[in-house]
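Participant: model the structure of this input:
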Amino acid sequence: MDERERSTDGEIYSAEVSAAVPAGFSADRKSWVSIVPASFLRSVAYPALLLAVVLVGVAALWRQWDPAWVSPLFLLGTIAYLALLERLIPYDRTWHPGKDEWRWYGIYFLLTMAGSGLAQLLVALAVGLISPAEPVLHLGVEVPGALLAGSFVSYLVHRLGHRNALLWRLHGVHHVPEKVNVANNGVNHVLDIVLAQSLVQLTLALVGFSRPAVLVVGLFVAAQGYFVHANIDVRIGPLNHLLASPEQHRLHHSTDLSEAGHYGSDLSCWDRLFGTFTWRPGREPAAVGLHDPATFPGTGDILAALLHPWRRRPAPGPGPG
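Facilitator: Next up, the predicted model:
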């Protein structure tokens, strides 16, 4: 059976999950683990994630929770949720990480978190001095405004990371893996993360969005960032013209540069506006990864990847898209 093929009755049976069930379980007792209504999971997976963003955001504002622990805990919960879905409704089972890959991805994830922390440290003073503690406008106005402003800057930085040869030597590290999944969303050059997140956060601070608005937007952006990278068979239909999705982001990682647009990781409206929207129903990449794999070290060569921007050789051409 093809790796992406599904059973005709709309259910999936995962041999990997079944193997994890302790010996001695009867078929009836383990049926709830091994047999999952795939159509149901596909339909509720994304709404459930968006609902979690809303509920956590409202609770954090109402209870005045500290963003310093709300954001990372929500991120870890999002990763765990999507990693489970990758096993239950995978887009491509061959994209599951192997043992070595889990080790490499873990190191990259820690580096990405360090880069995020450094970015926050660099803008903390500006945010503390400029961003109001309480909303100036109603949060119903501030949150969409902050989302649009932040996503626009993120889109520009991401697109420039593909078009500028020097910045591509940083961002291209993320495109080395020949599969797209939750685990390798953290495969990044640490300076790429520092640059992108610093510019987004500085923009939000300088515009004057309040800390509550930035917190809520941050939860949505974190959820979207991992959702679009998830190896899950979920389609969002017409919402693709407003929100980013795994369908679009797999095309972004395509080795075929003619279809590798989609620089928005949260909203897709900027791709629509600036002509980098290539998705259409049923369109899938034949392969993902680098157009020219020889231009970057392999994912397992972590030190070489971190030193890659300073290698004494001509910079490679722009990456996918």
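
Participant: how about the helices in the protein?
Facilitator: Ranges of helices in the chain, per DSSP state H, are 15-19, 27-34, 38-63, 67-88, 99-130, 139-163, 165-171, 190-207, 211-227, 246-252, 269-274, 302-307.

Participant: in JSON lines: these, plus distance to Val288, mean pLDDT and mean neighbour count.
Facilitator: C-betas here are computed from N, CA, C, even on glycine. Shown next, in JSON lines, are those (distance: least, CB to CB, whole Å; pLDDT from 0 to 100; neighbours: other CB atoms under 10 Å):
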{"stretch": "helix 15-19", "distance to Val288": "22", "mean pLDDT": "42", "mean neighbour count": "12"}
{"stretch": "helix 27-34", "distance to Val288": "29", "mean pLDDT": "42", "mean neighbour count": "12"}
{"stretch": "helix 38-63", "distance to Val288": "21", "mean pLDDT": "96", "mean neighbour count": "15"}
{"stretch": "helix 67-88", "distance to Val288": "15", "mean pLDDT": "94", "mean neighbour count": "17"}
{"stretch": "helix 99-130", "distance to Val288": "14", "mean pLDDT": "81", "mean neighbour count": "15"}
{"stretch": "helix 139-163", "distance to Val288": "15", "mean pLDDT": "95", "mean neighbour count": "19"}
{"stretch": "helix 165-171", "distance to Val288": "15", "mean pLDDT": "94", "mean neighbour count": "20"}
{"stretch": "helix 190-207", "distance to Val288": "18", "mean pLDDT": "89", "mean neighbour count": "20"}
{"stretch": "helix 211-227", "distance to Val288": "17", "mean pLDDT": "94", "mean neighbour count": "22"}
{"stretch": "helix 246-252", "distance to Val288": "6", "mean pLDDT": "98", "mean neighbour count": "24"}
{"stretch": "helix 269-274", "distance to Val288": "18", "mean pLDDT": "97", "mean neighbour count": "17"}
{"stretch": "helix 302-307", "distance to Val288": "18", "mean pLDDT": "93", "mean neighbour count": "15"}
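
Participant: got phi/psi on His229?
Facilitator: phi -90, psi 0 (degrees, to the nearest 10).

Participant: gap between the residue lying closest to it once chain neighbours are set aside and Trp102?
Facilitator: Nearest residue to His229, sequence neighbours excluded (CB to CB, 6 or more residues apart in numbering): Asn185, at 3.9 Å. For Asn185, the distance to Trp102 equals 13 Å [CB to CB, to the nearest Å].

Participant: cool, and Gly117?
Facilitator: Taking CB to CB, one finds Gly117 at 23 Å from Trp102.

Participant: quick one on the thing from earlier: now the helices of the chain as CSV including distance to Gly289?
Facilitator: Below are the helices of the chain laid out as CSV (distance: least, CB to CB, whole Å):
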stretch, distance to Gly289
helix 15-19, 24
helix 27-34, 32
helix 38-63, 25
helix 67-88, 19
helix 99-130, 13
helix 139-163, 14
helix 165-171, 14
helix 190-207, 17
helix 211-227, 20
helix 246-252, 11
helix 269-274, 21
helix 302-307, 14
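
Participant: and the ones you listed: which comes nearest Ala287?
Facilitator: Taking CB to CB as the criterion, helix 246-252 is the member of the helices of the chain that comes nearest to Ala287, at 10.4 Å.

Participant: ok, the closest residue to Leu267 other than its chain neighbours to Phe209 distance?
Facilitator: Nearest residue to Leu267 in three dimensions, chain neighbours excluded: Ser151, at 4.5 Å (CB to CB, 6+ apart). From Ser151 across to Phe209, the span is 13 Å (CB to CB).
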